[in-house]
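>>> Pasting the sequence and the predicted model now:
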Protein chains: 4
Amino acid sequence: MKIGMIGLGRMGGNMARRLMAGGHQIVAFDRNADAVKALADDGAEPATSLDDLRSKLDSPAIWWVMLPAGEITETTIETIAADAQAGDIVIDGGNSFYKDDIRRAKALAEKGLHYVDVGTSGGVWGRERGYCMMIGGDKETVDLLDPIFDTLAPGTGDIVKTPGRVADKVDPRAERGYIHAGPAGSGHFVKMIHNGIEYGLMQAYAEGFDILKSKNTDKIAEDQRFDLNLTDIAEVWRRGSVISSWLLDLTAIALAKDEMLEQFSGSVADSGEGQWTIDAAMEQKVPANVLTASLFARYRSRIDHTYGDKVLSAMRYGFGGHVEIPQ
Amino acid sequence: MKIGMIGLGRMGGNMARRLMAGGHQIVAFDRNADAVKALADDGAEPATSLDDLRSKLDSPAIWWVMLPAGEITETTIETIAADAQAGDIVIDGGNSFYKDDIRRAKALAEKGLHYVDVGTSGGVWGRERGYCMMIGGDKETVDLLDPIFDTLAPGTGDIVKTPGRVADKVDPRAERGYIHAGPAGSGHFVKMIHNGIEYGLMQAYAEGFDILKSKNTDKIAEDQRFDLNLTDIAEVWRRGSVISSWLLDLTAIALAKDEMLEQFSGSVADSGEGQWTIDAAMEQKVPANVLTASLFARYRSRIDHTYGDKVLSAMRYGFGGHVEIPQ
Amino acid sequence: MKIGMIGLGRMGGNMARRLMAGGHQIVAFDRNADAVKALADDGAEPATSLDDLRSKLDSPAIWWVMLPAGEITETTIETIAADAQAGDIVIDGGNSFYKDDIRRAKALAEKGLHYVDVGTSGGVWGRERGYCMMIGGDKETVDLLDPIFDTLAPGTGDIVKTPGRVADKVDPRAERGYIHAGPAGSGHFVKMIHNGIEYGLMQAYAEGFDILKSKNTDKIAEDQRFDLNLTDIAEVWRRGSVISSWLLDLTAIALAKDEMLEQFSGSVADSGEGQWTIDAAMEQKVPANVLTASLFARYRSRIDHTYGDKVLSAMRYGFGGHVEIPQ
Amino acid sequence: MKIGMIGLGRMGGNMARRLMAGGHQIVAFDRNADAVKALADDGAEPATSLDDLRSKLDSPAIWWVMLPAGEITETTIETIAADAQAGDIVIDGGNSFYKDDIRRAKALAEKGLHYVDVGTSGGVWGRERGYCMMIGGDKETVDLLDPIFDTLAPGTGDIVKTPGRVADKVDPRAERGYIHAGPAGSGHFVKMIHNGIEYGLMQAYAEGFDILKSKNTDKIAEDQRFDLNLTDIAEVWRRGSVISSWLLDLTAIALAKDEMLEQFSGSVADSGEGQWTIDAAMEQKVPANVLTASLFARYRSRIDHTYGDKVLSAMRYGFGGHVEIPQ
């Protein structure tokens, strides 16, 4: 199929290349002309503006927006909505907040446009491994786009088939690495929860390795101290243990390179999905202590001392005359 | 009564003085001869050793040990057990682990000695306000010591009487500020939970003030930003609000002195009771998320970046090529 | 002053009565005619509609809205905005979300109306003890209303003065139990954080008493088991301990009545402020594990078994063939 | 090699069978004669007592104890220590607390016996997939036992090799699924942390699926509600997503069988390792909010309403006259 790709960063560029490798045609636009040129060198048709891009697409046109969530995505979709022709399909492949999708889908529907939200996981490895996709939108549009998703997805590969899946209750596309989750917004909703879980999984490993490492220190009494090789521990857990996972694979790679992880300072960013997951938990009154603690650990990693810590010290000084201990 | 006070630090010295002010006699011992001299100047009979102290007490002797929990308390009580005479009473007024009390009480009972554990709250303010005490031991011994506890306790004062207390179900001493909680160990157990709760209360205020303060920053959009006076907020909450408390009073004092709390670095110590409370929660299978999070916040306050934070960064680099954001 | 009180429920009715007792005049309206009649019997001037209420007020009129946060407050304020005359003052004394205040204040300002948000703490005891108030709005309006706030507030009473308050840095009203926190929205913002802290304090006590109670059970080995009197423990902690507070006073009252608390099922409600506090923490990137865990404990208290619990059981069955243990 | 297997439950029996399939000889003992007979039918040499078992082994004998952690393991090892001959090797393949290992290793060393602790992961799937093993003990003994571990382990299989492992810094056995972690106790220590992490990972998925499921309910406003197929979501996340893992594979299997998981009540057991992990975190002063919250979620899953919940309700009733809402 012929797809207009708007946003040629790490994600958009790689997806365009995977699509071209799968036989699709890409019309490419980015505010950064170098990015457009680079993709044109790889076979895409360059566009100099959104208008220009539309003129190079068929009808209905497929606009795939692959930009950071927030204002830039919002204004780009508004512009597209103005340029598009009835029947066109606008895809937000970024990490938008699902309530924005619901709102946009309604607004675009009034102009005869179809809105599809695609949450993708797989990171920088996706071009090679394929992208795991969670898709929201109306059935006809999602079905129409199937060749695109099929190309982007990892396919069944050699991952073991889940026993017991009953054909009439499940979506066969799931085994190829993508699902039609429901109406507009549902794709990003599922992706949002995916990221919330991701934070939790990561923090569980982080805390475990932290306890392992702190067992090696000479602050521990000698007969209780170990000299654990964290690199080997990560490696052995990859092999037959209950906690094997792709995130553990990545940890094993990082530790093999430098067990002390000295290239990292330990200031950990968080993106919107972690926070939105907690918003959803609260809206739906679901306790989510682990997901929340994972998010807060990231906030805390970026703060030297909190003001709250000082309030604690001030109270302790107040009732016990305690002075602070040196760190 | 005549009491041998062993350990004349901030707590022991103040308690001895309150006891003398209440008409009791103190025989005083400390490894630090200056501390003994200071108390002797205030009216205590000095002792040069535990042996000497025993010789200056009546029978049964009352040994009040007021030392930091741990090895020093343990070895001192062992020495006393060797020096004591059948019928003597050994009081641990420190913050020992309640299982140590249970063990010691058994061991001392075999020698005809009575063991009493006294958990005290009130901090440096206790000399003036009186000490809130939670006492474990056998009934006869605790009753015998009542004049001591009565002097140390704050008494009923002007604290409003709790309506509905039914005479035959409650201990009248509670209204004077002390209770006989049960057998040996129970005094420190109740004090331990007291401290666990204390950590939770403190952290609740700390987080609240942290959120208030962060609302003042220019990182917040101007039309959503405030310029809150934290000193006044602490003050107003003392007056008729649901969250008024003594800890809030202390916070109000600290903020009035310096709202930025600049004398504090925010490295917050924790003592054994916080940890033991979580041990008890786990032993008894009671979920205690708040008390645990409060304890962990203190650990975290003393660490620059955890190794776990670096593990997170390493994973993020692994799957997304994310580089760390500057703090 | 003459005040139009809209909403005569537990809070509004009591506040109106305290105001009248303080010499103010109340024009009263409620959708429930019986509530209007009851207040009229106590001296208020009854109104049959918002229009009627306006006609009985002077100019500028003072409209005090005391309704549950949400739609009813929103629509009532919209109606008032239509009925009001330029210069009128509209007070939201309920628990509105502070961003709604900011929005409303802007909208009302365009019509020449002044908007004031008042967060109050004190619950059903406020009529007698006075209300702790946190006020947002423009300075002139808040100053104009001072006689009202002064009457509603608890006053300095016999609460010990905080040492060190420096006159030119603080608001003297704080010592009488109310503050002008800043522009519209800031009153409810401070009240919101107050409630967030309240949840944390309550949960800290709850967990502590839970551990105490579970120490009494015969599941504990006999030589480690106690028979703790929770009623006396709550009482003694009120007296000289670090964790004394008004919430503890209330706990002591409840335990004195029935230590087993059998009248309560343990399904605990939460209102908007707890959730909004976490929203603010996330918006401002402040870790708030204790406040969040407190909120989630309430959600959890209202659920029998979560679906998540079943997911855990399903995984355990999957990897270990574990069957569930009976509760 | 010839191995005495003591304890022929699900784990011990399967390991014995995998060992025999790998060419080793098993002398089998269990208090349950039927279990011995069943294994003898599969080729093991039956023993009627520990004495009898010893007589059928060579010197040095290899005693592999595969019993539940706690008293039964403790007394069995004491009995073996009495029956064993100098140079014999005693392996605890269960889930003992690592400090018990350290203590036992010292005690056995005084009798000339070698103690080895083996933490294993892999559950009921281990017989087929192989067991991931973390081993503590002295080097000579662990090296001597290598043929046994090599048979039990999964081997390199088709798991992708971790790039960057540097031969002289790592243990080549890790890639075959087992490591020599260090001295006695370290095997179970690493396994303990493994299980702590396992709890955290499981809870992260559980919370995520809980939020997904609660989005399907008609409590959500219609235009915000979805009808998500959790079975397909689990499936699609297995394929190219960042959160793919073996635990997710198991979840996908369970959901494919019954998305409502109705066979499970949601009462989730916990074993010692989860708790010991938190003990270690506290001993080592490492914040571990996620691992702890995961453990507490299991406690909570087994309680209808906590006493703490009732304390909350009692306070709310006290300050606000709030009655409980129906669940």
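Great, that's in hand. Numbering: from 1, shown residues only, chains lettered A, B, ... in the order given.
>>> Give me the below-cutoff pLDDT ranges for the stretch 1-150 of chain A.
For the stretch 1-150 of chain A, no stretch has pLDDT under 70.
>>> if you set the cut-off to 80 instead, what comes out?
A:123-124 (pLDDT under 80).
>>> Likewise for the stretch 201-327 of chain A?
Using pLDDT under 80, the flagged stretches of the stretch 201-327 of chain A are A:320-327.
>>> for it, what spans make up the helices?
A:230-237, A:246-257, A:272-283, A:289-301, A:307-320 (DSSP state H, counting those that start in this stretch).
>>> Tabulate the ones you listed (a markdown table), appending mean neighbour count and distance to residue D:89.
Where C-beta positions appear, they are placed from N, C-alpha and C, glycine not excepted. Converted to a markdown table, those look like this (neighbours: other Cβ atoms under 10 Å in any protein chain shown; distance: least, Cβ to Cβ, whole Å):
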| stretch | mean neighbour count | distance to residue D:89 |
| --- | --- | --- |
| helix A:230-237 | 26 | 21 |
| helix A:246-257 | 23 | 30 |
| helix A:272-283 | 23 | 49 |
| helix A:289-301 | 28 | 40 |
| helix A:307-320 | 24 | 50 |
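>>> Would you format those helices as JSON lines with distance to chain B included?
As requested, the helices of the stretch 201-327 of chain A are exported to JSON lines (distance: least, Cβ to the nearest Cβ, whole Å):
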{"stretch": "helix A:230-237", "distance to chain B": "9"}
{"stretch": "helix A:246-257", "distance to chain B": "3"}
{"stretch": "helix A:272-283", "distance to chain B": "12"}
{"stretch": "helix A:289-301", "distance to chain B": "4"}
{"stretch": "helix A:307-320", "distance to chain B": "3"}
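>>> Distance to residue D:13 for those helices - can I get that in JSON lines?
Formatted as JSON lines, the helices of the stretch 201-327 of chain A follow (distance: least, Cβ to Cβ, whole Å):
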{"stretch": "helix A:230-237", "distance to residue D:13": "24"}
{"stretch": "helix A:246-257", "distance to residue D:13": "29"}
{"stretch": "helix A:272-283", "distance to residue D:13": "43"}
{"stretch": "helix A:289-301", "distance to residue D:13": "35"}
{"stretch": "helix A:307-320", "distance to residue D:13": "53"}
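>>> Nearest approach to residue C:137 belongs to which of those helices?
For these, proximity to residue C:137 was assessed by Cβ to Cβ; helix A:307-320 is nearest, at 26.5 Å.
>>> Show me what the closest one is packed against.
Helix A:307-320 is packed against helix B:186-214, helix B:246-257, helix B:289-301, with contacts defined by 3 or more Cβ pairs under 8 Å, 6 or more residues apart in numbering or on different chains; DSSP states H and E.
>>> Write out the residues of the stretch 151-300 of chain A neighbouring chain B.
Proximity of the stretch 151-300 of chain A to chain B, by Cβ under 8 Å from any Cβ of the partner chain, involves residues A:202-203, A:205-207, A:209-210, A:213-214, A:246-247, A:250-251, A:253-255, A:261, A:264-269, A:289, A:293, A:297-298, A:300.
>>> Throw the helices and strands packed on helix A:307-320 into a markdown table and include distance to residue B:40, thanks.
Output for those, formatted as a markdown table (distance: least, Cβ to Cβ, whole Å):
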| stretch | distance to residue B:40 |
| --- | --- |
| helix B:186-214 | 29 |
| helix B:246-257 | 33 |
| helix B:289-301 | 38 |
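>>> can I get these in JSON lines with distance to chain D?
JSON lines is the format used below for the helices and strands packed on helix A:307-320 (distance: least, Cβ to the nearest Cβ, whole Å):
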{"stretch": "helix B:186-214", "distance to chain D": "11"}
{"stretch": "helix B:246-257", "distance to chain D": "15"}
{"stretch": "helix B:289-301", "distance to chain D": "4"}
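>>> looking at these, which is closest to residue D:220?
Of all those, helix B:289-301 sits nearest to residue D:220, with 26.4 Å by Cβ to Cβ.
>>> Quick check, residue A:7 in contact with residue A:66.
Yes: the pair residue A:7 / residue A:66 is scored as a contact, 3.9 Å apart, by Cβ atoms under 8 Å.
>>> Give me the common contacts of these two.
Overlap of the contact sets of residue A:7 and residue A:66 (by Cβ atoms under 8 Å, 6 or more residues apart in numbering or on different chains) consists of residue A:94.
>>> Quick one: residues contacting the residue nearest the centre of chain A.
Nearest to the mean C-alpha position of chain A, by Cα atoms, centre = their mean, lies residue A:121 at 5.0 Å. Going by Cβ under 8 Å, 6+ apart, residue A:121 touches A:131, A:132, A:133, A:191, A:194, D:237, D:240, D:241, D:242, D:243.
>>> Quick one: mark the members of those residues that sit in strands.
Those of the contacts of residue A:121 mapping onto strands are A:132, A:133, per DSSP state E.
>>> For PyMOL, what selects the buried ones among the contacts of residue A:121?
A single PyMOL command selects the buried members of the contacts of residue A:121 (16 or more other Cβ atoms under 10 Å in any protein chain shown):
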select buried, (chain A and resi 131+132+133+191+194) or (chain D and resi 237+240+241+242+243)
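>>> Out of the contacts of residue A:121, flag the one nearest to chain B.
Chain B lies nearest to residue D:242 out of the contacts of residue A:121, by Cβ to the nearest Cβ, at 5.3 Å.
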